[in-house]
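Colleague: below is the structure, and that's it, no one-letter string:
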């Protein structure tokens, strides 16, 4: 293998630039040429290619987002367009592809491998921490810290004004940011995707809390619970001073945390090692404080999240 | 004067604790006893009083919100309740009142002075920077930095995904946070309260920008423009990849900035000096890098904001 | 077991308050009374005890340091003083002790257990990440992010002025903060405790870097390398524009990161479970994304740090 | 005037990039071509010129340092080298020069104007806030917030361990960062350049403080006091638990604060207006919340700092 390509796909996540830098510089060390593909699979189709040398990734470790840009390509669902992407790679003598992204990006990578037997290796880059087989994804730690910071700030007003706040955090179908930000932010309650709740019970707990001196109350809602406005208006019927906040896109940006930069550096190197070691349809993961490589098919299985222990702990620590 | 009271009223703002600390410790230096009133005017009515000594305000400078708690008291609009508040003050031999808050709080203070001839002095504490007669209010600088930080983070995604973002910042009827966060965040456009806009013009500018290489576009909307969802849905008809973010309550909390802590310290001292100097219906302000004292009646006049120069600059610097 | 005590000892670390909160509130859930001991072992000797209830640990998760205060007690090395400490515990019917600290604190705890057969359980709280048997200690992640942040800031000047910076980070005999901050901060070199270096080689690398366009150069030194001033003055003989920075105590303070808060919450609970489960001379650790409990004697063995892989990666990614 | 040049000189300061961006884009609006000069006056001598268009200053507002690079040029003290610099400017038909820097940079600019009658306009960019005639310099607000942040973090350890900390902040001969960070950080004492102190008095105050419950004590020293190590060792003779921290270069870097970005934007525009308005040996300043233009000769006079009022306030608020 002499030449590989790299792209970022799906939602951007802090740390992606660190992983690109690691792939580029480590590849240089292993005598590989690296081609950067702009705007994810769309750039693969439209052949937005440029060679990336060590100096092209200077000073990117502290920058959020992805300097290669990313996109959600609809065209890549079309076989003819994937053919075109494949031709583009062959024309440039590219022999392997590093894909940094989330589950959707990996399904596309898997399809691409199966259709063309073209070597692909994934790096899980998503703030949602919802890729099966890895304990951490790139960007989760940063997003979690941003969400927690927001909870800290909201608590200032909640405490000053004896308010109840509903705070919606990101995570699509995953409850990871919600659970961890609730625990680290000291929230009083958390509602995960798919969870039903008895409003009466919630109101009772808030009122009991107020009686025993806990006048402010922060409830974290996972985006995937899909319920923030509705819950807010219901609570407002029974409790005074309820406010809702949707933290939103700020969770996707910002300087990567130390862990995400470290993860990006290690995963980038591991991905290149994997390609050179004929891991042709695999993904890099993080387990027991070390990088691992496992099959894309395992990554594509649904991740079973079991947060029951942490949810109990949140209730107990309130 | 031997004894004064202090309360925080209306929305909390970063720096209020610094002002309380300054009032308490400087009063001690001037041989005044300070009574802290909880929950604003409501606590005045319900006589939630406690003496505050120098050690009671230890380690509060770095804490957002107000440890005295604040509220928007409806009862204080009722004459009978104000009578009660006045009696409470007289019973405790309190001879002056420091009110930290915004315009609503000052209208109440003004009424209270006129009814009972009870000495009041205001400290403008609101993130909105909308109090007439002072160049800065306590909390504005911190809120502005929080809003700008959010814009920085959103830009990571805007740039990575070539998106248009509408970002709503706080400020009620004021455009201060909007204008300053747009300029410091490098936003492409800003919409102030009361401003009409030609959607066609906006779309044209965005499309022209895309042509000359400016693929991402951030528009700041002042809360008081009241238009975020509506504008978002209209823009989505003509432009791809539009997203909206309401930054919300995180702008009200967090550690005060250096300037807000400095302002709190200086304004607190100035307020005590004012009371001792028989400024009986006044407010502290900030002008030309120095504290000033002026009449509450001037503060209660509508603030004329003229941001035309800054708005032009934002357009030119895009 | 009906009553336990908790103390923090040695250097303070961000997240200690989260662990105390977790111990207090989880103990309440398990019907245990918790006595907070001030100023570590010194407070045990001087009987600075107070009961801690759930409301006593409100709003501490976001605060660095330890509200119980900590100290390095010389008296506790004296048998007679330890006898006194033991008597104090018995007098109050305390049946178990949670010690949050580092290696020195655990040696003291081990001695205490062996002398009096008094149940002790440790929670590793130190920014140095140098406790054997656990992959993470409380405070390391926060300190690492602070160190990395400092490196980011220094890089602004290094880049603007084409300078060489020597940056000393904390960690006593451990190289953990040094290695991880170098990797995440994108530093060009790192020097660990006990490492010799050929100055000529270092100068050559810096000069070669300058030739190929890398004009600024950041070298991280572990505190334990003990060499910062000396290296700085030597480098200055051969290279222009060398500056040194000792980041110092800011690494010990600040709001705990999300991970450290999470770790504190989980470790606090685990410690209480351990005491109730007759783990009488043990310590809580973190392994493979889960809490573990292991013997204090294992924790007291020297930690073997092998950073060779990461050191190679830092060189390659430069 | 059709073409101007811009350079940054002396120590870098956060916000310089914002000022460059403003000069470039506003010049474009006024139909001026802008030439960026690298590495300050040294680049003027060595003709390191490149044209800067609006897209060359994209995404720089949030970046500390100066992308034009800066230097302290010794060559520029030599007449022959200044001749060369002047020739370079004439060769490129450059008709005016914007200099962003501090006092040293402005002395050089003044010399250059007087020798060649070449129009120069200054923008005060230095964290020291020590340029005469302007209430604020670019970078001061950011550096102050960084210093205050460090004080906040150090307080966590000071409070946890009942320690006395001496914290040295930057500022050369100016006491600005020292005074403002002491007030905003809630420090117990501050020592300015040129100030003598009675050690016995300091020790007495610390010991009295400890008696009345103030166990930790933070003393800010201005860099220009030149006394940190010496004072630390003297205090250690009389008081336990004294530590010193030199905050150092981190104060020079980092994302500019909102105010510094705003100031950069406004000052950049004002500088261009000034050049076009035949202000040929002037400097931009900030007074009473507005930009001003005044003569370089006034800027070069010594700045009289009178911090007596603030110093008293710091003592009173302790």
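Modeller: Arrived safely, thanks for sending. This is a predicted model, so every value here is computed, not measured.
Colleague: and the gap between the residue lying farthest from the centre of chain A and residue A:205?
Modeller: Distance to the chain centre peaks in chain A at residue A:211, reaching 39.5 Å (criterion: C-alpha atoms, centre = their mean). Distance, residue A:211 to residue A:205, using C-beta to C-beta, to the nearest Å: 11 Å. (Glycine included, C-beta is placed from N, CA and C.)
Colleague: re earlier: for the residue farthest from the centre of chain A, give its distance to residue A:204.
Modeller: Computed as C-beta to C-beta, the residue A:211 to residue A:204 distance reads 11 Å.
Colleague: try residue A:100
Modeller: With C-beta to C-beta as the criterion, residue A:100 and residue A:204 are 46 Å apart.
Colleague: between these two, which one's more packed in?
Modeller: Neighbours per residue, other C-beta atoms under 10 Å in any protein chain shown: of residue A:100 and residue A:204, the larger number sits with residue A:100, 34 against 12.
Colleague: close to chain B, is the strand or helix carrying that one?
Modeller: Assigned by DSSP states H and E, residue A:100 belongs to strand A:96-101. No: using C-beta under 8 Å from any C-beta of the partner chain, strand A:96-101 stays clear of chain B, with a minimum separation of 11.6 Å.
Colleague: where do the strands sit along the stretch 101-250 of chain A?
Modeller: A:120-124, A:164-169, A:189-191, A:217-222, A:242-246 (DSSP state E, counting those that start in this stretch).
Colleague: using the three-state scheme, assign the closest residue to chain C within the stretch 1-150 of chain A.
Modeller: The nearest approach of the stretch 1-150 of chain A to chain C comes at residue A:61, 4.2 Å away (C-beta to the nearest C-beta). Assigned state for residue A:61: coil (three-state reduction, DSSP: H, G, I helix; E, B strand; the rest coil).
Colleague: contacting residues around the nearest residue to it once chain neighbours are set aside?
Modeller: Spatial nearest neighbour of residue A:61, excluding adjacent residues (C-beta to C-beta, 6 or more residues apart in numbering or on different chains): residue C:186 at 4.2 Å. In this structure, residue C:186 makes contact with A:21, A:59, A:61, A:62, A:261, C:151, C:155, C:218, C:317, judged by C-beta atoms under 8 Å, 6 or more residues apart in numbering or on different chains.
Colleague: surely the first one touches residue A:59?
Modeller: In other words, residue A:21. No: under the criterion of C-beta atoms under 8 Å, residue A:21 lies out of contact with residue A:59, with a separation of 9.5 Å.
Colleague: so between those two, which is more surrounded?
Modeller: Set side by side, residue A:21 and residue A:59 show unequal neighbour counts under other C-beta under 10 Å, the larger going to residue A:21 at 25 against 15.
Colleague: ok, now how distant is the spatially closest residue to that one that is not a sequence neighbour from residue B:163?
Modeller: Distance criterion C-beta to C-beta, 6+ apart; nearest residue to residue A:21, sequence neighbours excluded, is residue A:57 at 3.9 Å. The span separating residue A:57 from residue B:163 equals 24 Å under the rule C-beta to C-beta.
Colleague: what stretches of chain A score poorly on pLDDT?
Modeller: Under the criterion pLDDT under 70, no range of chain A is flagged.
Colleague: which parts of it are helices?
Modeller: Chain-ordered helices for chain A, with DSSP state H as the definition, fall at A:16-29, A:40-45, A:79-91, A:103-116, A:140-161, A:176-185, A:199-211, A:228-238, A:258-276, A:296-299, A:308-317.
Colleague: next, format those as JSON lines and append distance to residue B:289.
Modeller: JSON lines is the format used below for the helices of chain A (distance: least, C-beta to C-beta, whole Å):
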{"stretch": "helix A:16-29", "distance to residue B:289": "41"}
{"stretch": "helix A:40-45", "distance to residue B:289": "51"}
{"stretch": "helix A:79-91", "distance to residue B:289": "60"}
{"stretch": "helix A:103-116", "distance to residue B:289": "53"}
{"stretch": "helix A:140-161", "distance to residue B:289": "28"}
{"stretch": "helix A:176-185", "distance to residue B:289": "38"}
{"stretch": "helix A:199-211", "distance to residue B:289": "44"}
{"stretch": "helix A:228-238", "distance to residue B:289": "43"}
{"stretch": "helix A:258-276", "distance to residue B:289": "39"}
{"stretch": "helix A:296-299", "distance to residue B:289": "59"}
{"stretch": "helix A:308-317", "distance to residue B:289": "47"}
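Colleague: out of the ones you listed, which gets nearest to residue C:237?
Modeller: Comparing those against residue C:237 with C-beta to C-beta, the closest turns out to be helix A:16-29 (30.4 Å).
Colleague: close to chain C: what parts of the stretch 51-200 of chain A are there?
Modeller: Residues of the stretch 51-200 of chain A found near chain C, taking C-beta under 8 Å from any C-beta as the criterion, are A:55, A:58-59, A:61-62, A:135, A:141, A:144-145, A:148, A:152, A:155, A:159, A:180-181, A:183-186.
Colleague: are any of those buried, and which?
Modeller: When burial is judged by neighbour count using 16 or more other C-beta atoms under 10 Å in any protein chain shown, the buried members of those are A:61-62, A:135, A:141, A:144-145, A:148, A:152, A:155, A:159, A:180-181, A:183-186.
Colleague: out of these, which one sits closest to residue D:299?
Modeller: The shortest approach to residue D:299 among those belongs to residue A:62, at 34.4 Å (C-beta to C-beta).
Colleague: the closest one contacts residue C:151, correct?
Modeller: No: contact status for residue A:62 versus residue C:151: not in contact, 9.0 Å apart, counting by C-beta under 8 Å.
Colleague: can you tell me the closest non-neighbouring residue to the closest residue to chain D within the stretch 201-318 of chain A?
Modeller: Using C-beta to the nearest C-beta, the single residue of the stretch 201-318 of chain A nearest to chain D is residue A:255, 8.7 Å away. Spatial nearest neighbour of residue A:255, excluding adjacent residues (C-beta to C-beta, 6+ apart): residue A:62 at 5.3 Å.
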